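[1] Below are the sequence and a predicted model; questions follow.
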Amino acid sequence: MFEVEVLDEHFGMQRVRLSLLQRLLLKIQGYVYLFHARKDGWKGKLPFYLIKCKEHNIFFIDYPHGFPPNQYFNCPICLKEIKEVKNFG
């Protein structure tokens, strides 16, 4: 097992354990499936992934946003930077 520190604004997780296969998929794809979960106020469960932000070199947990085939993940640090730029201008 391999552990990574994560930024998780959904569940408060600080570390995630990955199998060898998950670690390999993360290296190849930049993201790997972790689990399905439902948050308060949601009607159903969504898949959550571990993603590596290339900009900040961190791992974070998120669910896919948008609709296939144009789904994406939001790095919390990237979002914060975007909000700061919008508020500044």
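    Yes, it's here.

[2] Next, please give the residue ranges for the helices of the chain.
    20-29, 76-88 (DSSP state H).

[3] Compare those helices and report which one is nearest to Leu46.
    Closest to Leu46 of the helices of the chain, according to C-beta to C-beta: helix 76-88, at 16.9 Å. All C-beta atoms are positioned from the backbone trio N, CA, C, and that covers glycine.

[4] re earlier: how about the helices of the chain in CSV, adding mean neighbour count, mean pLDDT and distance to Leu7?
    Shown next, in CSV, are the helices of the chain (neighbours: other C-beta atoms under 10 Å; pLDDT from 0 to 100; distance: least, C-beta to C-beta, whole Å):
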stretch, mean neighbour count, mean pLDDT, distance to Leu7
helix 20-29, 13, 96, 15
helix 76-88, 11, 87, 6
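
[5] List the contacts of the nearest residue to Ile77 once chain neighbours are set aside.
    Spatial nearest neighbour of Ile77, chain neighbours left out: His56 (4.9 Å); criterion: C-beta to C-beta, 6 or more residues apart in numbering. Contact analysis of His56 by C-beta atoms under 8 Å, 6 or more residues apart in numbering lists Cys75, Ile77, Cys78.

[6] likewise Val32?
    So Val32 contacts Leu18, Gln22, Arg23, Leu25, Leu26, Tyr49, Leu50 (C-beta under 8 Å, 6+ apart).
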